[in-house]
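In: Could you work out the structure for the sequence below:
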Amino acid sequence: MSVRIAVLGVGGIGGTIAANLLRDGYDVTMIDQWAAHVEAIRAQGLTLTDIDQEFTVRGTALHLSDVSNIAAPFDYVFLSVKGYDTIWSAHLIAPHLKPNGCMLAAMNALPDEAVASVVGFGRTVGCVATISAGMYRPGHVVRTDIKEHAFTVGELHGLVTPRARWAAEALGAVGPSDTTTNIWGVRWAKMVWNCMGNAVAGSLGDAKLDPEQRQQRNRIEAALGVEAGRVALASGVALEPVLGIQPESFAAAETPAGFAQLCEAVDEIHSRRGLTPEQAARLPEPGRPSLLQDVLKGRRTEVQQLNGHLVAEGRRLSVPVPVNEAMVTLMDDLAAGRAATGVDNLKALAVAVAY
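Out: Model prediction:
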């Protein structure tokens, strides 16, 4: 019998997973809460556009209301939803996960303990994405990264198991993927980067930055990262490199020279991970962090699951996080209509940076 896979949440990341697995012949069932998206997939298939190609695949697509009629359970469930939808989504699909199956949360924030609270730690496997993608119209995923690395998979207990290796090999359909014995360190490294850049991008909107504004953005993101790195280390996590930034760089940033080096590293990441003009021209939409996508769509953002969670952990661990606090306040003001997106928000955030 073939391995049965479900992708719950067929947005940018989940849609990229589903499209590539289907193209490679895997048995994939797609489940999503956006009704128009499900109907478009049923009618025309799921299309994925990236910097190299565009292709369309067909597969089973279900509305949430169809889940109760699923007959055969799944071996693997890739959960790829917004952080605030983690618990109810896991509960929805849990009855359709095999007793020896597993759920992998391929999403932002720190979802693994929440998933484990629903399906059990023994059926939860960590899955950290390094791809970037978005969705702006039903049935069409746009992948916007340079395709260097795709996913890191790891058991919460740290051992490398056959099921973790299988998942990493399957995700090789998306791009180079691997396993780790330190999924918590990898998950927190992604969390640090998300706290550094996602909400800042959301606060700016689609504004174009001049060199001085980019430098200011880098300083704010570096300061957010210093706080996030300190919280991660205070939590007892063996933090992995943050897109090449070594964990000790966050501690070294206490000095002016160390902070300047961290700002340079942030700028280098933006340059290295950004698309060339030729690559960007091949895509129907530019690369945008997921939180910026939500702002532009008028949707609820994940700022509380990212910077907000970091603020709560900082308070619990007595780690000062004033820049992240300012970031959360600004995003709350944007959501409430008390502020607007744009480069002026850099000045508001810069006030909290003490470096």
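In: In terms of pLDDT, where does the most centrally placed residue in the chain sit?
Out: In the chain, the centroid-proximal residue (C-alpha atoms, centre = their mean) is residue 108; its distance is 3.4 Å. Looking at residue 108, its pLDDT reads 96.
In: swap in residue 252?
Out: Value for residue 252, per-residue pLDDT: 86.
In: swap in residue 161?
Out: Per-residue confidence for residue 161 comes out at a pLDDT of 98.
In: Hmm, it is touching residue 155, no?
Out: Yes. Contact status for residue 161 versus residue 155: in contact at 5.5 Å, counting by C-beta atoms under 8 Å. From N, CA and C alone the C-beta is placed, and that goes for glycine too.
In: Which one's more surrounded, the two?
Out: A count of neighbours by other C-beta atoms under 10 Å puts residue 155 above the other of residue 161 and residue 155, at 20 against 15.
In: And the more buried one, its phi and psi?
Out: phi -70, psi 150 (degrees, to the nearest 10).
In: Show me what it is bridged to.
Out: Bridge pairing for residue 155 (DSSP bridges) gives the partners residue 125.
In: wait, what's in contact with it?
Out: 125-126, 161, 164, 183 (C-beta atoms under 8 Å, 6 or more residues apart in numbering).
In: still on that earlier bit, so the residue nearest to the centre of the chain is in contact with residue 302, correct?
Out: Yes. If you go by C-beta under 8 Å, residue 108 and residue 302 touch, sitting 5.9 Å apart.
In: Now list whatever residues contact both of those two.
Out: What both residue 108 and residue 302 touch, as defined by C-beta under 8 Å, 6+ apart, is the set 83, 198, 290.
In: top helix in this protein by residue count?
Out: With DSSP state H applied, the helix covering the greatest number of residues in the chain is identified as helix 211-234.
In: For the shared contacts of residue 108 and residue 302, which single residue is the most surrounded?
Out: residue 198 (27 neighbours).
In: if I pick that one, what's in contact with it?
Out: Residues near residue 198 by C-beta under 8 Å, 6+ apart: 108, 289-292, 302-303, 306.
In: again, only using 6 Å
Out: By C-beta atoms under 6 Å, 6 or more residues apart in numbering, the residues touching residue 198 are 289, 291.
In: That one and residue 27, how far apart?
Out: Spatial separation of residue 198 from residue 27 under the definition C-beta to C-beta, to the nearest Å is 33 Å.
In: Could you do residue 217 as well?
Out: Here residue 217 is placed at a distance of 44 Å from residue 27 (C-beta to C-beta).
In: Going by how many neighbours each has, rank these two and give me the top one.
Out: Taking other C-beta under 10 Å, residue 217 and residue 27 do not tie; residue 217 has more neighbours (25 against 17).
In: Any figure for the gap between that one and residue 279?
Out: 22 Å.
In: Quick check: mean pLDDT of whichever strand or helix holds residue 267?
Out: When elements are defined using DSSP states H and E, residue 267 is found to belong to helix 256-273. Across helix 256-273, pLDDT averages out at 94.
In: Okay, buried residues for it please.
Out: With burial defined by 16 or more other C-beta atoms under 10 Å, the residues of helix 256-273 counted as buried are 258-259, 261-263, 265-267, 269.
In: Could you save those residues as a markdown table and add columns showing distance to residue 6?
Out: As requested, the buried residues of helix 256-273 are arranged in a markdown table below (distance: C-beta to C-beta, whole Å):
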| residue | distance to residue 6 |
| --- | --- |
| 258 | 45 |
| 259 | 45 |
| 261 | 44 |
| 262 | 40 |
| 263 | 42 |
| 265 | 38 |
| 266 | 37 |
| 267 | 40 |
| 269 | 33 |
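In: Relative to the whole chain's centre, how far out is stretch 274-286?
Out: 20 Å (C-alpha atoms, centre = their mean, to the nearest Å).
In: between the contacts of residue 155, which is nearest residue 90?
Out: The shortest separation between residue 90 and any of the contacts of residue 155 is 13.0 Å, and it belongs to residue 125 (by C-beta to C-beta).
In: tell me, how many neighbours does that closest one end up with?
Out: Per other C-beta under 10 Å, the neighbour tally for residue 125 reads 26.
In: my guess is it contacts residue 103, does it?
Out: No. Judged on C-beta atoms under 6 Å, residue 125 makes no contact with residue 103 at a distance of 7.2 Å.
In: No further questions, thank you.
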